[in-house]
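J.: Let me see the structure of the following:
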Amino acid sequence: MSLKVTIENGIKDAMRAKDADRLRALRAIKSLILLEETSGSNVGELSTDTEMKILMKAAKQRKDSLEVYVTQNRPDLAEKEQAELSIIEEFLPKQLSEAELTEKIQAIIVQVGASSPADMGKVMGVASKQLAGLADGKAISTKVGELLKK
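T.: Model prediction:
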């Protein structure tokens, strides 16, 4: 079942349950999917990879907004963003743990033959593709930097 159909069914369920937070988050995801489907670069159904990119982008936006609201002492808005983020994360694949991320990045470093921080670009290119959807880009970048400095 495609993400779009899953989201549409979730919207119906949220409407029946009168769950405003879930409904708002699902409608936001559906809106992003419809925008991507009607953009000039796509025709018809979206690929699973494109759907994951849409969800990752939505989750990143919520995380960034959440940080801003917390620093500005706006718990009411932060709570809404956190609720939407947790609903979006239900549709994302399970994120890698710190140990799993370290292990995978070490394997990539060996694969590309990197030995110094100057090789960060080569490692990031491969890591970004292989770990897309499994870890946040910022976490990948930080971990690659740490491992290359050793």
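J.: Report the contact partners of Ser128.
T.: Gly137, Ile140 (C-beta atoms under 8 Å, 6 or more residues apart in numbering). C-beta coordinates here come from the backbone N, C-alpha and C atoms, glycine included.
J.: What segments of the protein are helices?
T.: Per DSSP state H, the chain carries helices over the ranges 3-17, 20-38, 48-71, 75-89, 98-112, 120-130, 137-149.
J.: I'd like these as JSON lines, with mean pLDDT appended.
T.: Shown next, in JSON lines, are the helices of the chain (pLDDT from 0 to 100):
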{"stretch": "helix 3-17", "mean pLDDT": "93"}
{"stretch": "helix 20-38", "mean pLDDT": "91"}
{"stretch": "helix 48-71", "mean pLDDT": "90"}
{"stretch": "helix 75-89", "mean pLDDT": "93"}
{"stretch": "helix 98-112", "mean pLDDT": "89"}
{"stretch": "helix 120-130", "mean pLDDT": "88"}
{"stretch": "helix 137-149", "mean pLDDT": "87"}
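J.: Can you give me the distance of the residue most central in space within the chain to Leu131?
T.: Central residue of the chain (C-alpha atoms, centre = their mean): Met56, 2.3 Å from the mean position. Per C-beta to C-beta, to the nearest Å, Met56 is found 11 Å from Leu131.
J.: which non-adjacent residue is nearest the residue nearest to the centre of the chain?
T.: Leaving aside its sequence neighbours, Met56 sits nearest to Gly133 (C-beta to C-beta, 6 or more residues apart in numbering; 6.2 Å).
J.: Likewise for Ile29?
T.: Spatial nearest neighbour of Ile29, chain neighbours left out: Ile7 (5.3 Å); criterion: C-beta to C-beta, 6+ apart.
J.: Next: Gln111.
T.: Spatial nearest neighbour of Gln111, excluding adjacent residues (C-beta to C-beta, 6+ apart): Val126 at 6.9 Å.
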